[in-house]
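A.B. asks: Quick one, fold the following:
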Amino acid sequence: MNTLEQINNNFEYFSKSEKKVANSILESLQKAIHFCIASLAKLANASEPPVNCFCRRIDTKVFPDFQLRLAQSFGNGTSYVNRLVDQADAVSCHTQKVFDSAIAQLCILKDNLNTTNINRAIHR
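C.D. replies: The predicted structure is shown next:
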């Protein structure tokens with residue numbers, strides 16, 4: 001499971017501050033890999049300790065390790081991110097998040113599809 005999937009799959013278990021960090025990352029994916037920890041904390045309207053807690057929560061040791069793994073997630077082809085729909089979001093934002101979530105799940109399915117079993121089923 002890559003870093004983006006870990007963020008999405010564990011979002012409900014994050015503390016309030018960690019959710020702020022996660023949302024800031026998900027809303028600024030391309031920029032997040034270049035932020036220093038202080039910049040990300042400021043963007044998330046949090047302090048640095050919640051950023052460090054967030055990094056540990058998704059099994060990265062320190063912030064630079066998190067950034068590296070996040071960048072690797074892009075290289076693995078995950079370009080769509082499941083962002084939780086928030087009540088304050090505009091309708092257009094809701095639509096985008098729902099479609100992004102559906103596309104992300106389809107990408108995960110595609111990447112984990114066992115074509116050997118499918119071929120066996122077809123040729124029976």
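A.B. asks: what's the spacing between the helix or strand of the chain with the lowest mean pLDDT and its chain's center?
C.D. replies: Scoring the helices and strands of the chain by mean pLDDT, DSSP states H and E places helix 91-112 at the bottom, with a mean of 75. Remark: helix 91-112 is offset 12 Å from the chain centroid, using C-alpha atoms, centre = their mean, to the nearest Å.
A.B. asks: what number of residues lie near Phe99?
C.D. replies: 11 (other C-beta atoms under 10 Å). Heads up, the C-betas are built off the backbone N, CA and C, glycines and all.
A.B. asks: what does Asp59 give?
C.D. replies: 13.
A.B. asks: That one: what secondary structure?
C.D. replies: coil (DSSP: H, G, I helix; E, B strand; the rest coil).
A.B. asks: That one is in contact with Gln6, isn't it?
C.D. replies: Yes: using C-beta atoms under 8 Å as the test, Asp59 is close enough to Gln6 to be in contact (7.0 Å).
A.B. asks: Please spell out which residues along stretch 96-114 are buried.
C.D. replies: Of all the residues in stretch 96-114, those buried under the rule 16 or more other C-beta atoms under 10 Å are 97, 100-101, 104, 107-108.
A.B. asks: any weak-confidence spans in this protein?
C.D. replies: 74-87 (pLDDT under 70).
A.B. asks: let's go with 90 and repeat that
C.D. replies: Low-confidence segments of the chain (pLDDT under 90): 1-12, 26-34, 58-62, 67-124.
A.B. asks: how about the helices of it, start to end?
C.D. replies: Residue ranges of the helices in the chain, as given by DSSP state H, are 3-10, 16-27, 29-32, 37-43, 48-57, 63-75, 91-112, 115-122.
A.B. asks: Can you tell me the closest non-neighbouring residue to Val62?
C.D. replies: In space, Val62 comes closest to Cys55 once its chain neighbours are excluded; the distance is 6.4 Å by C-beta to C-beta, 6 or more residues apart in numbering.
A.B. asks: So the one you found versus Ile33, what's the distance?
C.D. replies: 13 Å (C-beta to C-beta, to the nearest Å).
A.B. asks: more neighbours, these two?
C.D. replies: Cys55 (22 against 17).
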